[in-house]
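In: sequence first, predicted coordinates after that:
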Amino acid sequence: MNDFVPVVREVKGMLRKIALFNAAIDTIVFFLVAYCVLAIFNLFPVIAVPAAILFFIRCYAKKYREAKLTHVEAKYPDLWERLRTAADTLHLNNFIVTRLRDEVVSKLKKVSVSSFINTSELALRVAIICVLLFSAIFVTSLNIRVLNVGGAIAGTDIGIKIGEGWKNLFSGSPVAVVNATEENNTMYNESFTDIYGNISVANLGKDSLEMTLNNGEGSLDFKNIRDTEQANFNEFPPQEVSASPADYYDDVVLKDQQNIVKKYFEQISK
Amino acid sequence: MWPALLLAQTQKVNPMEYEKLTKTFESMFKEIEKVVVGQHDVIEQIFVALLTDSNALLEGYPGLGKTLMIKTMADVMDLKFARIQFTPDLMPSDITGTQIIEESGGKRFFKFQPGPIFANIVLGDEINRATPKTQSAMLEAMQEKQVTVANKTYLLDRPFFVLATQNPIEQEGTYPLPEAQADRFLLKIKVGYPTEEEELRIIEQYAVKKRDSDVKKIIGKNSLLALQEFANQVPIANDLKQKVLKIVKLTRTKKDLIEYGASPRASIGLIIASKARALIDGRNHVSEKDIDAMAYPVLRHRIILNFEAERKGMSADDVIKEILEKA
């Protein structure tokens, strides 16, 4: 019996590894499909990661439950009902059971792990993974959007809240809710630096932006911006030129100094 | 004849002897079939009852060779055979034996005269023709493997095996076995008509040629006891045990066709019968096909069909077939 226990353990371990491998392959396919679909519909592609993790857990649990000794027996008809009987009767020790164990061990030597991997199915899955991988790269690099579901959702309060929640979850900053409907929306969070740009800009779409930029006050009025005009200078000077002192001159320059300046100009005019 | 087989009980079995064992049944079948034409399944089921140290109820029309079959099997296994023809006037003492007065040296004293029950294989022909009192004397001996006469208990020889037959026709003046009594039989074996080819061989063997009934002894009493021990040791997988439980449970829950289902004795019986069949088949584990095959003889006398099943003209075997498909 002592020799048979590790044999059963090894067979069960092998079945679990195969279950893990198949679950991993299925999860990769699932992740890529989910990622492509989310990217095409302009939803949050990062959702594909937790979804894939949940899928993997579920898929592995299912395959783990299915990974019974009958799976080996189905592949090797010589072991049919023998393997599970021997495994279920480890507590027994009699001549017939010993004979059965010996028989099972000798037949198990012919069992190979590769026989549990369906090569054609695996090749098909790998091909699907390649296609999906290229599709994902193509969709994201060319920014292909079949339907802008993400944009439609983002316009709503719920969509904004979801988007902000996701971003802040990964950035670690506190959740800041921005109301895009406000005209003077200047409270843009610094974390809005992903490749999709600021969500409020995306909301603007094709609408024209009216903005005044005032130099002194730091604002700009785009409505008053015009092309520069060509200056039109006359070749002849004006008939009469007069000058008058500015108010600043009377207030700041002393009387004595004003007289000196006055005398100077009178002398040079003579 | 098979002394080494006895060592099975002490876990010191010679593998060579075990190999011989697996061929024992082939030899026995071959020998029996020299006399009995066809009826392979019936012979197999009788062997199952023998290996499980149980008793069987045989149901079949007269003239199908039931007695000949049992007698031949007893000869092949070198067992003492006795036949009791049950009649309404048969008394329990006619089966168990009685005290007779004997005179020796001028003194008279009672001496126990063993009845036909003191054999290894007892064939109770048409058990339903005897009164319930006589039937119960027989059934008690089956259960306890002993008889009590005049306050003295006598142990029966081992192996002890009772094969009772019932005639499905001519029910007038019979005392059908109560369900509780029928439950004591592990199997209810149905003996059917032979095929045309088999019947032709029967004619050739018994009507044209000279009957040759000399069969060789293949095993002895001790070997049979060792085989019983081996049958008990045959392992069964847990999922097959679950299947047995499911089958028996279905007989209790299938209220649309069954009035009363099988008892836990049926579960035990189905497992031990399957083990014995596996051994006969030369396997060292119970298979699903053993359970499917043994479900009919184990369950058919343990379920009582309701009116709906009778209205549909269904037999117990039809209902068991439905249950096996579901299980």
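Out: Received, thanks.

In: help me confirm that B:V162 is found in a strand?
Out: Yes: assessed by DSSP: H, G, I helix; E, B strand; the rest coil, B:V162 belongs to a strand.

In: any idea what it is bridged to?
Out: B:V122 (DSSP bridges).

In: ok, it to chain A distance?
Out: Separation of B:V162 from chain A (CB to the nearest CB, to the nearest Å): 27 Å. No exception for glycine: its C-beta is placed from N, CA and C like everyone else's.

In: equivalent analysis for B:K152, please.
Out: The gap separating B:K152 from chain A is 38 Å, by CB to the nearest CB.

In: is it true that that residue touches B:F112?
Out: Yes: with contacts defined as CB atoms under 8 Å, B:K152 counts as touching B:F112 at a distance of 7.2 Å.

In: more neighbours: which of the two?
Out: A count of neighbours by other CB atoms under 10 Å in any protein chain shown puts B:F112 above the other of B:K152 and B:F112, at 16 against 9.

In: can you tell me the SS state at the more buried one?
Out: strand.

In: for B:D78, same thing?
Out: coil.

In: burial count for it?
Out: Residues lying near B:D78 (other CB under 10 Å) number 16.

In: what does the stretch 101-250 of chain A have sitting close to chain B?
Out: A:E103 (CB under 8 Å from any CB of the partner chain).

In: which SSE is the residue nearest to B:A150 when sequence neighbours are not counted in?
Out: Distances taken as CB to CB, 6 or more residues apart in numbering or on different chains put B:Q99 closest to B:A150, at 5.3 Å, once the chain neighbours are dropped. For B:Q99, the enclosing helix or strand under DSSP states H and E is strand B:97-104.

In: before we move on, back to that, hang on, the residue nearest to B:A150 packs against B:N151?
Out: No: contact criterion CB under 8 Å: B:Q99 and B:N151 do not qualify, at 10.5 Å.

In: mind checking which of these two has more residues around it?
Out: B:Q99 (14 against 5).

In: all helices for the stretch 101-250 of chain B, in order.
Out: All helices of the stretch 101-250 of chain B, identified by DSSP state H, counting those that start in this stretch, fall at B:132-144, B:179-182, B:196-203, B:221-233, B:238-253.

In: looking at the ones you listed, which is nearest to B:T52?
Out: helix B:221-233 (6.4 Å; CB to CB).

In: shaky segments in the stretch 151-270 of chain A?
Out: A:151-226, A:228-243, A:245, A:248 (pLDDT under 70).

In: what separation is there between the most centrally placed residue in chain B and chain A?
Out: By CA atoms, centre = their mean, chain B has its centre lying nearest to B:A56, at 2.9 Å. Distance of B:A56 to chain A, computed by CB to the nearest CB: 24 Å.

In: wait, B:G282 touches B:F25, no?
Out: Yes: counting by CB under 8 Å, B:G282 does reach B:F25; the two are 7.3 Å apart.

In: what about the two, which has more around it?
Out: Between B:G282 and B:F25, counted using other CB under 10 Å, the more crowded position is B:F25 (20 against 13).

In: so what's the more buried one closest to, chain neighbours aside?
Out: Per CB to CB, 6+ apart, closest to B:F25 is B:I280, 4.9 Å.

In: give me every residue that touches that neighbour.
Out: B:F25, B:E44, B:F47, B:V48, B:L51 (CB atoms under 8 Å, 6 or more residues apart in numbering or on different chains).

In: out of those, name the ones that lie in strands.
Out: Among those, DSSP state E puts none in strands.

In: export these to TSV and append columns for pLDDT.
Out: Putting these into TSV (pLDDT from 0 to 100) gives the following:
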residue	pLDDT
B:F25	85
B:E44	92
B:F47	92
B:V48	94
B:L51	92
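
In: ok, the residues you listed vs chain A, which is closest?
Out: Using CB to the nearest CB, B:L51 comes nearest to chain A of these, at 13.0 Å.

In: burial measure for B:P176, as a count.
Out: Count around B:P176 with other CB under 10 Å applied: 13.

In: residues in contact with the residue nearest to A:R125 when sequence neighbours are not counted?
Out: Ranked by CB to CB, 6+ apart and with sequence neighbours excluded, the top spatial neighbour of A:R125 is A:I25, at 5.3 Å. By CB under 8 Å, 6+ apart, A:I25 lies in contact with A:L122, A:R125, A:I129.

In: next, count neighbours for the last one.
Out: Neighbourhood size, A:I129 [other CB under 10 Å]: 15.

In: can you tell me the helix or strand for it?
Out: helix A:119-141.

In: buried residues in that helix?
Out: Under the neighbour-count criterion of 16 or more other CB atoms under 10 Å in any protein chain shown, helix A:119-141 has A:R125, A:L132, A:S135, A:A136, A:V139 buried.

In: hmm, back to that, need the pLDDT of the residue nearest to A:R125.
Out: As predicted, A:I25 sits at a pLDDT of 93.

In: does B:L90 touch B:K133 like I think?
Out: No: counting by CB under 8 Å, B:L90 sits too far from B:K133 to count as a contact (9.7 Å).

In: can you list the weak-confidence ranges in the stretch 201-327 of chain B?
Out: B:208-213.

In: what residues does it have near chain A?
Out: Checking the stretch 201-327 of chain B against chain A by CB under 8 Å from any CB, the hits are B:230, B:233-240, B:284-288.

In: kindly indicate which of those lies nearest A:R82.
Out: Using CB to CB, B:H285 is the member of those that lies nearest A:R82, at 5.6 Å.
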